[in-house]
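Engineer: curious how this folds, go ahead:
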Amino acid sequence: MKKLKTLNEDIDKQEVCPLSNFPSATYISKLKESDLSQLLGTYELCETKTGTTRKSEILSNVFTKAERNSLPMQQTKSTNHEFKKASEFIPKVKSKCTDHNEVFSFVCVDCDVPVCGYCLTEKHNGHKLSQLKDTISKIKPKIEQKLLTKINKASRNVLKLEQKMSSLEGQVQTAVMSLKEEGKKIISMVDKCVDERIESLQQHTRKEKKKAAAVLSDNKTALEQAYVFDNRNLRRHDGILLQKLKTLNK
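Structural biologist: Numbers count the residues shown, from 1 in each chain. Have a look, this model is predicted:
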């Protein structure tokens with residue numbers, strides 16, 4: 001029912017014209033067959049009795065029997081009550097006066113508001129008036145020019161933003177590459193420093209080992225000489241014993 005109500009509202013929005021003999025009465029002007037096809041072809045009716053009856057009431061109030069029979073009926077029944085939207089067809093709409101439900105025909109220059117025929121005698125008697133279509137024709141170029149100016153300004157802003165984003169992206173990529181290169185250099189320097197420290201430590205170790213080996217060799221030689229003395233030599237009190245003792249003392 002919600003979509004059927006929308007259909008009824010779309011039909012109500014069609015261009016209306018006042019009857020010459022009855023200014024307060026309006027009728028819907030005859031639509032082209034293509035417009036009817038676009039309008040009605042966008043709706044699917046549910047197979048409930050209420051929906052079908054409502055659709056018949058709408059057609060009966062708007063079209064003659066001959067016109068209803070000529071309509072291209074392409075609707076299919078729906079069991080899940082889902083409907084298409086009439087987004088591709090935008091009917092012509094004329095705004096109406098909320099007080100008198102009449103179409104606006106003039107613009108009150110003094111009050112700067114659109115008015116209908118009844119408003120002229122009630123609220124705007126003696127005011128300066130202009131035809132609605134003339135006012136629209138006069139204002140439309142200015143609005144179009146302002147709109148074009150805003151569109152051009154927005155386009156330039158978009159272009160500038162895109163250029164800034166592209167430049168920023170390039171700067172980020174350059175910074176990333178620079179950081180990677182700096183990182184590689186730092187890693188290389190650290191590796192080189194570690195290798196140099198290791199080599200220095202190894203050289204120092206080799207020197208100390210060489211010194212220790214020389215001291216060990218001297219101690220072994222002295223120990224071997226000490227074994228030469230035996231009890232017999234220790235008991236001797238001659239010049240040979242004295243020389244050997246001096247040698248060991250050295």
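Engineer: tell me where this protein has helices.
Structural biologist: Here the chain has its helices, by DSSP state H, at 2-12, 33-40, 49-62, 65-70, 117-122, 132-228, 231-235, 239-249.
Engineer: hmm, who's touching the fifth one?
Structural biologist: It refers to helix 117-122. P23, C97, D99, H100, E102, S105, F106, C108, L129 (CB atoms under 8 Å, 6 or more residues apart in numbering). Heads up, the C-betas are built off the backbone N, CA and C, glycines and all.
Engineer: repeat that with 6 Å
Structural biologist: H100 (CB atoms under 6 Å, 6 or more residues apart in numbering).
Engineer: any buried residues in that helix, and which?
Structural biologist: G117, C119, L120 (16 or more other CB atoms under 10 Å).
Engineer: nearest to Q202 among those residues?
Structural biologist: If you rank the buried residues of helix 117-122 by distance to Q202 using CB to CB, C119 comes first, at 106.7 Å.
Engineer: can you tell me how far the closest one is from V190?
Structural biologist: Noted for C119: a distance of 88 Å to V190, by CB to CB, to the nearest Å.
Engineer: ok, now D112?
Structural biologist: D112 is 79 Å from V190, by CB to CB.
Engineer: who's V103 bridged to?
Structural biologist: K96 (DSSP bridges).
Engineer: please report how far it lies from L132.
Structural biologist: 9 Å.
Engineer: same thing with K140?
Structural biologist: 12 Å.
Engineer: neighbour count: these two, which is higher?
Structural biologist: L132 (18 against 10; other CB atoms under 10 Å).
Engineer: show me the contacts for that one.
Structural biologist: F104, S105, F106, V107.
Engineer: farthest-apart pair in those residues, please.
Structural biologist: Longest span within the contacts of L132, CB to CB: S105 and V107, 9.0 Å.
Engineer: which of these two has more neighbours?
Structural biologist: V107 (22 against 18).
Engineer: what's the more buried one in contact with, if anything?
Structural biologist: Going by CB under 6 Å, 6+ apart, the list of residues near V107 reads P114, S130, L132, T135.
Engineer: just the buried subset of those residues, please.
Structural biologist: Buried by 16+ other CB under 10 Å: P114, L132, T135, out of the contacts of V107.
Engineer: for these, which one is nearest K184?
Structural biologist: Scanning these for proximity to K184, where the rule is CB to CB, the winner is T135, at 72.7 Å.
Engineer: give me the below-cutoff pLDDT ranges for this structure.
Structural biologist: Across the chain, the ranges flagged by pLDDT under 70 are 1-94, 228-250.
Engineer: look at C116 and say how many residues are nearby.
Structural biologist: Counted with other CB under 10 Å, C116 comes out at 22.
Engineer: let me redo that: T174
Structural biologist: A count of nearby residues for T174, using other CB under 10 Å, gives 10.
Engineer: what does I198 give?
Structural biologist: So I198, with other CB under 10 Å, has 10 neighbours.
Engineer: check the gap between M165 and V172 for me.
Structural biologist: Relative to V172, and taking CB to CB, M165 is found at 10 Å.
Engineer: looking at the buried residues of helix 117-122, which is nearest K210?
Structural biologist: C119 (119.0 Å).
Engineer: just to revisit the earlier point, can you lay out the buried residues of helix 117-122 as JSON lines showing distance to S155?
Structural biologist: Formatted as JSON lines, those follow (distance: CB to CB, whole Å):
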{"residue": "G117", "distance to S155": "44"}
{"residue": "C119", "distance to S155": "42"}
{"residue": "L120", "distance to S155": "44"}
